[in-house]
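> after the sequence you'll find the predicted model.
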Amino acid sequence: MNIMKGSNEQSSTPRIAIVGLGNCASTLVQGLTFYRRTQETIGLMHPLIAGLAVGDIQIACAFDVDQRKIGRPVAEAIFARPNNSRIFEPHPEDHGALVYPGILADGVADHLRDTQNSQHVAVDSAASHTPLDQVIQILKSTGATVLVNYLPVGAQQATELYAQACLTAGIGMINCIPVFIASNPAWADKFADAGLPLIGDDVKSQFGATIVHRQLMSIAQQRGMQVDTSYQLNVGGNNDFQNMLERGRLASKKTSKTEAVTSMVKGGIPPDAIHIGPSDYVPFLYDNKICYIRINARGFGGLPVELDLKLSVEDSPNSAGIVVDAVRCAHLAARRRQGGVLTAISAALMKHPPQQMPDLEAAAAMEVWLNP
């Protein structure tokens, strides 16, 4: 445990800076208002964390590189193209937060840089030259207490720059993408030395492909089955799936998802016996994600058991239900003056934490952390 050194540590409520104002951010922003106005609890794992409701989370600022979003209020920009997630709260509150030019680096795949295609990213010229010092100043001036990283898969350089911005600005970080920050000892040590909370990497879905696949594999092993081969194929129509058409950006994504599943099997599974990853981009699916899971196993007497499963979910809300817990946990850690990787929280909420745990064990560890 390290002493907090962040400049915004005394804030009584979480104030989030959102990096990458895509579908996941849209759903998150809508959800904050939805739960604030309705006092609903459906869809929440923890209606309250340390006395904080989901509606208590405030938005400090956002960063993006698309010219259709920069300079606009967050509540308007979340509905700009190429976003195509479902609208369930058409008039969200944003506490006056604006969208600022973000750091481009490797945040946009080459095949998505097309201002003439509404489903691609209209890269703003200013974002191509946004200095790190400018981002740090905005984080400080807007009173952000934690940064939520929603950059596209494969944005290694950009994510590392934002991680450095958090360290310099003195705020925590929630890394929702499969670029390894919390699970990279060098970065983990930096956040521990700075006394800043870090949660990551690669946010789990609340009820999605990985969590379902993990549970099925775990149950098979618990019941004495031998899992021989398995695959998980995912298709969707949002910008995330379009981004992942560039296979060179998928290395960390495949590692994260594969390890999340195979870690549930004692002894693991040979690499050539398992395949997990996005399969294709289907535009008319919009933010709907369809997952196909197959498990080939052997049971009593070595006889075969085959399982085929199809799961259809709205992709972005699945992450938002996790992030609202992560934000409040990061805020609680700041109040406790606890820095570094939140190990139990990362294991419960992320696909590629520094320490993998079975889901029930991770959930129990999170409850112990919440209620010491």
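Sure thing, it's come through. Just so it is clear, the model here is predicted, and its values are computed rather than measured.

> quick one: least confident helix or strand in this protein?
Least confident helix or strand of the chain, by mean pLDDT, DSSP states H and E, is helix 251-262 with a mean of 83.

> now the next helix or strand after it: how far from the chain's centre is it?
Later in the chain than helix 251-262, the nearest helix or strand by DSSP states H and E is strand 274-281. Chain-centre distance of strand 274-281: 18 Å, with C-alpha atoms, centre = their mean, to the nearest Å.

> quick one: low-confidence parts of this structure?
1-11, 115-116 (pLDDT under 70).

> where exactly do the strands run in it?
Per DSSP state E, the chain carries strands over the ranges 15-19, 48-49, 52-53, 58-64, 99-101, 146-149, 172-175, 197-199, 226-236, 274-281, 288-298, 304-314, 340-341.

> let me see the domain layout of the chain.
15-205+317-370, 209-314 (automatic domain parsing).

> what angle sits between the least confident helix or strand of the chain and strand 274-281?
Helix 251-262 runs at 130 degrees relative to strand 274-281, counting by axes from the mean of the first three to the mean of the last three C-alpha atoms, to 10 degrees.

> any buried residues in helix 251-262, and which?
Of the residues in helix 251-262, 252-262 count as buried by neighbour count, 16 or more other C-beta atoms under 10 Å. The way it works is simple: take the backbone N, C-alpha and C, and place the C-beta from them, glycine included.

> let's have the residues you listed in CSV, adding distance to Ala297.
Listed next are the buried residues of helix 251-262 as CSV, based on distance: C-beta to C-beta, whole Å:
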residue, distance to Ala297
Ser252, 28
Lys253, 26
Lys254, 22
Thr255, 24
Ser256, 24
Lys257, 20
Thr258, 18
Glu259, 20
Ala260, 19
Val261, 14
Thr262, 14
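
> just to revisit the earlier point, need the strands of the chain in a markdown table (columns: mean neighbour count and distance to Ala109).
Formatted as a markdown table, the strands of the chain follow (neighbours: other C-beta atoms under 10 Å; distance: least, C-beta to C-beta, whole Å):
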| stretch | mean neighbour count | distance to Ala109 |
| --- | --- | --- |
| strand 15-19 | 28 | 17 |
| strand 48-49 | 18 | 35 |
| strand 52-53 | 20 | 36 |
| strand 58-64 | 27 | 15 |
| strand 99-101 | 23 | 19 |
| strand 146-149 | 27 | 17 |
| strand 172-175 | 30 | 19 |
| strand 197-199 | 31 | 26 |
| strand 226-236 | 19 | 16 |
| strand 274-281 | 18 | 12 |
| strand 288-298 | 19 | 19 |
| strand 304-314 | 13 | 23 |
| strand 340-341 | 22 | 29 |
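
> leaving out the residues flanking it, which one is nearest to Gly208?
Asn318 (4.7 Å; C-beta to C-beta, 6 or more residues apart in numbering).

> then Trp187?
Per C-beta to C-beta, 6+ apart, closest to Trp187 is Ile181, 4.6 Å.

> re the thing from before, adding distance to Lys351, write the strands of the chain out as a markdown table.
As requested, the strands of the chain are exported to a markdown table (distance: least, C-beta to C-beta, whole Å):
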| stretch | distance to Lys351 |
| --- | --- |
| strand 15-19 | 19 |
| strand 48-49 | 21 |
| strand 52-53 | 25 |
| strand 58-64 | 24 |
| strand 99-101 | 28 |
| strand 146-149 | 14 |
| strand 172-175 | 11 |
| strand 197-199 | 12 |
| strand 226-236 | 12 |
| strand 274-281 | 11 |
| strand 288-298 | 14 |
| strand 304-314 | 16 |
| strand 340-341 | 15 |
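
> do you know which of those strands lies nearest Arg113?
strand 58-64 (14.1 Å; C-beta to C-beta).

> what about that closest one, distance to the chain center?
Centroid separation for strand 58-64 versus its chain: 16 Å, with C-alpha atoms, centre = their mean.

> can you list contacts of it?
13-21, 25, 29, 32, 69-70, 74, 77, 94-95, 97-103, 127, 135, 138-139, 142-145, 162 (C-beta atoms under 8 Å, 6 or more residues apart in numbering).

> understood, closing this out.
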